[in-house]
Each structure stands twice: as C-alpha cells, then as structure tokens.
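Asker: Starting from these lines, generate the structure:
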Amino acid sequence: MINNVFVDLNRGREYIKILTLFGNKELKCVENKADYNLFYNKKYDIYIPIQHTTSTNSKNILDIFLEDNIDSIDCKKYVLLPTENGSNEYLDEFINKYTNIIPILCYINTDNFPHISYDIDKYNIKIVASMMYPRDDMDVDLMFDCGLSLCYFYYLNLWSLTDFSLLFDNPNPKDKIFCYSKGFYSGARSHRKYWLDRLKSILPNKLIKTSNTLDKPHFKNANLTLASYALASYFDYNDCMFNIIAETDNVYGLNKSYKFTEKTLYSILFANPSFLICRPELINYLNTLKIALLNNEFGFNLNEDFSICFDNFSKFMANSNLEDRIILYRKHKELQKINRALLLNYIETSKNEILEYILK
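Answerer: Below is the predicted model:
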C-alpha cells in the first residue's frame, strides 16, 4: 500500500531537488517502469516517482504514476514541488480530479527564489530554502539550511557518480596561491578585485596565480558542458599549494540572500587547502558541520572583521619559509580529505529536520 508520495512536477531535472533532500544513500529503486523509476525511502515510508529523461509520454509524471498505481494508493500525503513557471492550472485540475487530496506544495530554493503564484490560503505551502527568503510579509512556513545549495550543485554536476578515493593528488603543487579570478577585473568595485588588491599589498606577485584554465584563448566562446567546467576547476584548484576562493556574494554585503555556490563545493571536494572569501555566516555554517578551512587556522571569528584572518594568512605566506608552507600544506591537505568525507555524509544522507517539517 502506498501511503505517501513525493513528486517534483518540473520535468527534466526533477531528480536533483529530490536527491538534495533525501540523498542518494537512503533511496531504493523499487520499480522500473517504461516512463519512470519508483524510489522508496523506508524511514519516511514515502514513494518518489522520477520520470526518465528519455520518456516520450507527454502526461505529467504524477498522472502516469497514479494511473499505474491507483489500486494500491491510500495516500495520506502528497508532497508536490510545483512547476517553476508559476502556472497553477495543473494543480487545480489535479485537486478537482482527486477531491480527497489536499497536497503540500513544497518550494526548494537552492539557486534562486521561486515565484509563488499559488493561493497561499488555498494550498498548504512550505518553503525549504538555502537562502533567507527576501520577503518578510509572506505568511508561509519556511525551513532554512544554507548547505542545501552544496547538495544541489553536487547532484546537478553529477559528482554523485565520482569515487573521490580515486582522485589523485598533485605530487608537485606550485609554491603559490591560486586565486579564483573570474570577475577580478570586471569593474573597479568588484569585491574579488578588492581582495586581490589587498593580497598584492602584502604578498609578492610571484606567489600569486590568477589565471584559470578556461581563461585560455582557445576556450573563449566555447560551448562548454558542466563536466568541462568541473574538470577545468579540478586542475585549477590543485595546481598550487593553496587556494583563495572568492564566493559570489560580498563579505560585507547587506543582501540577506547570500548562498553557497559550486565554488565552495569544489574547494572541499577537490581537497586542496583553501581560504574561502565569503559571508562569515557561511564559514560558521561549515564549522557546524565540523569542516575547518584555512580561515580557521588564521583566526576566523564570526564576530570580528573578516579582514583580520585574511591578513593573517597573507602575512604568513609573505613571511614564512618554504618548509613552513609545506608543513601547513600537508596538514590542511589531510584536513580537507576529512572535510570532504564530512561534506559527502551531509550531502548523501536525508535531511531529517527538513523532511519532518515537510511531512508533518
């Protein structure tokens, strides 16, 4: 008997947000149909149909699933992720057709804010967010976990197919700092340029590398896949002993919708010592997962000016000898491998607090 169903109505990449919440370790494929696979999570007694990308069936996945299983469904909860185009026509038809069902509409916000056009009074709407929701005037339940964006980019870029124990370490990393350089020179007020200029005021240029693999002329205007971007990032992030990774959002920004992107994800997955330039709240979040970066080595404190730990790191690089830098590199190389295991455990297992909030 099927008691609970969780369906993403967005066709194409619907598996990504499902995996973001449930992880890939705790979902079991229990049925393989012509148009979809049916997954099951035992802990929450919940079934999750995911349509094949090769399916030519024009019907919505929920209709296909119900037609196949109508005799075995005694549903207590339908959790639906609405389509992102904001149309509620399908939901109205669905509720009129199944009058005993009042679905939970769940928005999973990992990379941008959803447009909620559904009647809040009519539907049971919940929001699961990796960024703080910008509107305070909406009477909507919200569960916040900024780590969800790390999960989202992990599954979006197919890193779940990777055995990280097989990744090789660079045996001869350069005695330099690799700086993620996209946007460094995009404008005088670029926050990445600000931190690069600050670094250059302390550190000789010979210890700084700013060119990315994809900056090379033959990649210009190339139609690159996500896999190409990820592979290039892997080589960039492991070319030098240390990385400075500037996230998208400014350290001192006032926007409360700050978030992780794939830049932080890669810095941990690729397990090279990294100093992260981002909102201090994001580093503090990683610390709650027991993940410690170079920021922590050089005195990161949520309640102090971020520039203090940045300058401490920069001055160490400027004043230390090669032997001291190698010692620090080896220490944090091993720490990053521990960090990776901690992050993967978070990504690949169910987000229990969030799922209980959705299903209650």
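
Asker: hey, let's count contacts and neighbours off CA atoms from now on
Answerer: Noted.

Asker: Now Leu286: which helix or strand?
Answerer: Here Leu286, judged by DSSP states H and E, is contained in helix 280-288.

Asker: what pLDDT, on average, does that helix get?
Answerer: Mean pLDDT, computed over helix 280-288, is 95.

Asker: Past that helix, which element shows up next along the chain?
Answerer: As assigned by DSSP H and E, the chain's next helix or strand after helix 280-288 is helix 294-297.

Asker: Output that next one in CSV with nothing but the alpha carbons.
Answerer: Taking C-alpha atoms only, helix 294-297 is exported to CSV below (Å, rounded to 0.1, in the frame of the first residue of the first chain):
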residue,chain,number,x,y,z
LEU,A,294,42.5,27.8,6.3
ASN,A,295,40.2,30.6,7.6
ASN,A,296,40.1,28.8,11.0
GLU,A,297,43.8,28.3,11.1
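
Asker: Which stretches in the chain count as helices?
Answerer: If you assign secondary structure with DSSP state H, the helices in the chain sit at 14-22, 61-69, 89-97, 148-156, 191-200, 226-237, 262-269, 280-288, 294-297, 306-319, 322-348, 352-359.

Asker: What are the contacting residues of the first one?
Answerer: Residues outside helix 14-22 that contact it (Cα atoms under 8 Å, 6 or more residues apart in numbering) are 8, 50, 108, 148, 151-152, 155-156, 347-351, 354-355.

Asker: Equivalent analysis for the second one, please.
Answerer: Outside helix 61-69, the residues within contact range by Cα under 8 Å, 6+ apart are 7, 9, 36, 49-51.

Asker: what's near enough to touch the residue sitting nearest the centre point of the chain?
Answerer: What sits nearest the mean C-alpha location of the chain, by Cα atoms, centre = their mean, is Leu150, with 2.0 Å. Shown in contact with Leu150 (Cα under 8 Å, 6+ apart): 260-262, 264-265, 347.

Asker: Can you tell me which of those lies closest to Asp175?
Answerer: For those, the minimum distance to Asp175 (Cα to Cα) is 21.7 Å, reached by Thr264.

Asker: for the closest one, what are its contacts?
Answerer: Contacts for Thr264 were tallied using Cα under 8 Å, 6+ apart; they are 150, 245, 247, 276.

Asker: how does it look with 6 Å?
Answerer: By Cα atoms under 6 Å, 6 or more residues apart in numbering, no residues touch Thr264.

Asker: Out of the contacts of helix 61-69, which is nearest to Gln336?
Answerer: Ile50 (34.0 Å).

Asker: That closest one: neighbouring residues, count only.
Answerer: By other Cα atoms under 10 Å, 25 other residues sit near Ile50.

Asker: hey, what's it bridged with?
Answerer: Ile50 forms beta bridges with Asn37, as assigned by DSSP bridges.

Asker: right, and it touches Asp35 too?
Answerer: No - in this structure Ile50 lies outside contact range of Asp35 using Cα atoms under 6 Å: 8.6 Å.

Asker: sorry, back to before: format the contacts of Leu150 as TSV; extra columns: pLDDT.
Answerer: Shown next, in TSV, are the contacts of Leu150 (pLDDT from 0 to 100):
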residue	pLDDT
Phe260	90
Thr261	89
Glu262	90
Thr264	94
Leu265	94
Ile347	96
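
Asker: ok, back up a step: dump the helices of the chain to a markdown table, plus distance to Asn41.
Answerer: Shown next, in a markdown table, are those (distance: least, Cα to Cα, whole Å):
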| stretch | distance to Asn41 |
| --- | --- |
| helix 14-22 | 8 |
| helix 61-69 | 17 |
| helix 89-97 | 24 |
| helix 148-156 | 18 |
| helix 191-200 | 43 |
| helix 226-237 | 29 |
| helix 262-269 | 26 |
| helix 280-288 | 26 |
| helix 294-297 | 37 |
| helix 306-319 | 42 |
| helix 322-348 | 13 |
| helix 352-359 | 11 |
